[in-house]
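Student: with the input below, show me the fold.
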Amino acid sequence: MSEALWLLVLLLAGYAGWQFLAALRSRAPRAAGSVEPAPERAAGVGRAAAPASVATGQGPAIDPEQAQEDDVDYAPMLRRDLAPAEAPAAADAAGQSAAANFQLRLDNQRLQRELGSLQQVVDRQQEEIANLLADIDALRARLDRAAPEPGISPEYSEALVLARQGLTAEMIATRCGITQAEAELVLSIASAGGGQG
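Tutor: The predicted structure is shown next:
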């Protein structure tokens with residue numbers, strides 16, 4: 001943005017210098033071609049004398065102050081053939097560049113906001129994945145504990161699970177509908193399996 005402003009200032013300074021030189025060039029032939037002295041210098045006083053044509057009555061009467069003002073060129077007249085065509089094009093290009101930079105900044109801010117929200121979604125999904133993996137590990141552990149030992153009849157699997165949970169032989173017998181001796185056998189198998197595991 002600041003580069004575009006500096007470019008615009010440089011173009012305007014160049015244009016002003018060019019107009020100044022054009023004004024000096026257009027004024028130089030008039031000063032060289034005029035032979036008559038200025039009215040102030042001819043009269044030798046503060047007031048200007050009338051031109052010779054007015055004194056002889058041959059031409060229209062001209063006010064001396066107006067003649068003095070017409071002789072001095074305070075500001076150069078702009079000529080259409082000398083006006084540069086590049087200045088409006090450069091200004092349009094600088095304006096388009098500034099608008100494009102502004103649009104790019106807006107797009108960048110919008111994309112950063114979207115990226116922030118997507119990062120939050122990814123973080124939440126990572127937490128959910130970690131929780132799901134922990135649940136899967138817990139379920140595997142429960143399944144391993146509930147799996148019947150090889151060589152044990154499936155009808156005693158529930159008794160084995162209860163024995164691993166720490167129930168007594170009497171409690172296992174009443175819950176599973178087996179005899180006290182069978183419950184004690186299951187308890188010994190569970191303790192032997194726990195010692196091996």
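Student: can you report how many residues lie near residue 172?
Tutor: Here the count is done by other Cβ atoms under 10 Å, and residue 172 has 25 residues near it. C-betas here are computed from N, CA, C, even on glycine.
Student: and it, what element?
Tutor: Secondary-structure assignment from DSSP states H and E places residue 172 in helix 169-176.
Student: helices or strands up against that helix?
Tutor: In terms of contact count using 3 or more Cβ pairs under 8 Å, 6 or more residues apart in numbering; DSSP states H and E, helix 169-176 is assigned the packing partners helix 157-164, helix 180-196.
Student: out of those, which is the most enclosed?
Tutor: For the helices and strands packed on helix 169-176, average neighbour numbers computed from mean count of other Cβ atoms under 10 Å are highest in helix 157-164, which has a mean of 20.
Student: just the mean pLDDT for that helix, thanks.
Tutor: Rounded to a whole number, the mean pLDDT of helix 157-164 is 85.
Student: that helix - contacts with which helices or strands?
Tutor: In terms of contact count using 3+ Cβ pairs under 8 Å, 6+ apart, helix 157-164 is assigned the packing partners helix 86-146, helix 169-176, helix 180-196.
Student: now do the shortest one and helix 157-164, the angle between them.
Tutor: With axes from the mean of the first three to the mean of the last three Cα atoms, to 10 degrees as the basis, helix 169-176 and helix 157-164 are set at 150 degrees to each other.
Student: how far away is residue 114 from residue 140?
Tutor: Residue 114 is 39 Å from residue 140, where distance means Cβ to Cβ, to the nearest Å.
Student: relative to residue 127, how far out is residue 117?
Tutor: Taken as Cβ to Cβ, the span from residue 117 to residue 127 is 16 Å.
Student: any chance of TSV for the helices and strands packed on helix 157-164, columns mean pLDDT and distance to residue 163?
Tutor: Rendered in TSV, the data for the helices and strands packed on helix 157-164 read as follows (pLDDT from 0 to 100; distance: least, Cβ to Cβ, whole Å):
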stretch	mean pLDDT	distance to residue 163
helix 86-146	88	11
helix 169-176	89	6
helix 180-196	79	4
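Student: residue 178 in helix, strand or coil?
Tutor: Classification of residue 178 by DSSP: H, G, I helix; E, B strand; the rest coil places it in coil.
Student: show me the contacts for the nearest residue to it once chain neighbours are set aside.
Tutor: With Cβ to Cβ, 6 or more residues apart in numbering as the criterion, residue 178 has its nearest non-adjacent residue at 6.2 Å, and that residue is residue 159. Contacts of residue 159 were listed using Cβ atoms under 8 Å, 6 or more residues apart in numbering, and they are 172, 175-176, 178, 182-183, 186.
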